[in-house]
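Enquirer: got a sequence here, can you model it:
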Amino acid sequence: MQLFIGGACAGKRDAVAARFSNANGWRLDIDKPLSDSQQALVANTPLVITGVLEWLGAALERDDNDALRQQWQNDMTALCQRADELNVPLIIIASEVGRGIVPMQPEQRRLRDLNGWFTQDATAQAEQVWYVRHGLVMALN
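Expert: Okay, the predicted model is just below:
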């Protein structure tokens, strides 16, 4: 798996499109687990997963951070394993929201926490992590 992370309008999608021009796309559904993205896997065809922040926003209704995190960790592991079996390059595009002003609203602070934990977990699974800022792409590991 590869993770592309950066702020809004930083050029993440363009960077991914330039590297994976023949990729299929999958936008996370706010009502479904990450594991549902397995249905979009096509052998030997890259899959780009987007919509992480919105998907996590829908999870704000659930109270248990640990259960949420355990679920997406399990789903991510299964997704990566299935992608490897099918020789599918898996790419996740995530938004960086941890910089800047800390919001006053508790739910917005929690969203930033969830996003941070998700990207940490994705980084742990990723073979390569890319940080995109102002259209510049930098390998982080």
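Enquirer: please make it C-alpha for all contacts and neighbour counts, starting now.
Expert: Fine.
Enquirer: so what pLDDT did Glu61 get?
Expert: On pLDDT, Glu61 comes in at 87.
Enquirer: Pro33 too?
Expert: Confidence score, pLDDT, at Pro33: 91.
Enquirer: and Ala58, by the same measure?
Expert: Value listed for Ala58 in the pLDDT field: 93.
Enquirer: my guess is it contacts Asp31. True?
Expert: Yes. In this structure, Ala58 is within contact of Asp31 by Cα atoms under 8 Å, at 7.4 Å.
Enquirer: so those two - more neighbours on which side?
Expert: Shown here are Ala58 and Asp31; by other Cα atoms under 10 Å, Ala58 has more neighbours (14 against 9).
Enquirer: can you tell me the element that one falls in?
Expert: helix 52-58 (DSSP states H and E).
Enquirer: just the CA trace of that helix, in PDB.
Expert: Provided in PDB are the C-alpha atoms of helix 52-58 (Å, rounded to 0.1, in the frame of the first residue of the first chain):
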ATOM      1  CA  VAL A  52     -11.100   9.200   4.400                       C
ATOM      2  CA  LEU A  53     -11.900  12.400   6.300                       C
ATOM      3  CA  GLU A  54     -15.600  12.400   5.400                       C
ATOM      4  CA  TRP A  55     -15.800   8.700   6.200                       C
ATOM      5  CA  LEU A  56     -14.200   9.300   9.600                       C
ATOM      6  CA  GLY A  57     -16.600  12.200  10.100                       C
ATOM      7  CA  ALA A  58     -19.500   9.800   9.900                       C
END
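Enquirer: what's the first helix or strand after it?
Expert: Following helix 52-58 in sequence, per DSSP H and E, is helix 65-85.
Enquirer: same question for that following helix, mean pLDDT?
Expert: 96.
Enquirer: show me where this protein has helices.
Expert: For the chain, applying DSSP state H gives helices covering 12-19, 52-58, 65-85, 106-125.
Enquirer: so what touches the first one?
Expert: Identification of contacts with helix 12-19 by Cα atoms under 8 Å, 6 or more residues apart in numbering yields 4-6, 23, 93, 132, 135, 137.
Enquirer: that older thread, so can I have TSV of the helices of the chain showing distance to Gly98?
Expert: Converted to TSV, those look like this (distance: least, Cα to Cα, whole Å):
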stretch	distance to Gly98
helix 12-19	17
helix 52-58	12
helix 65-85	18
helix 106-125	6
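Enquirer: many thanks, have a good one.
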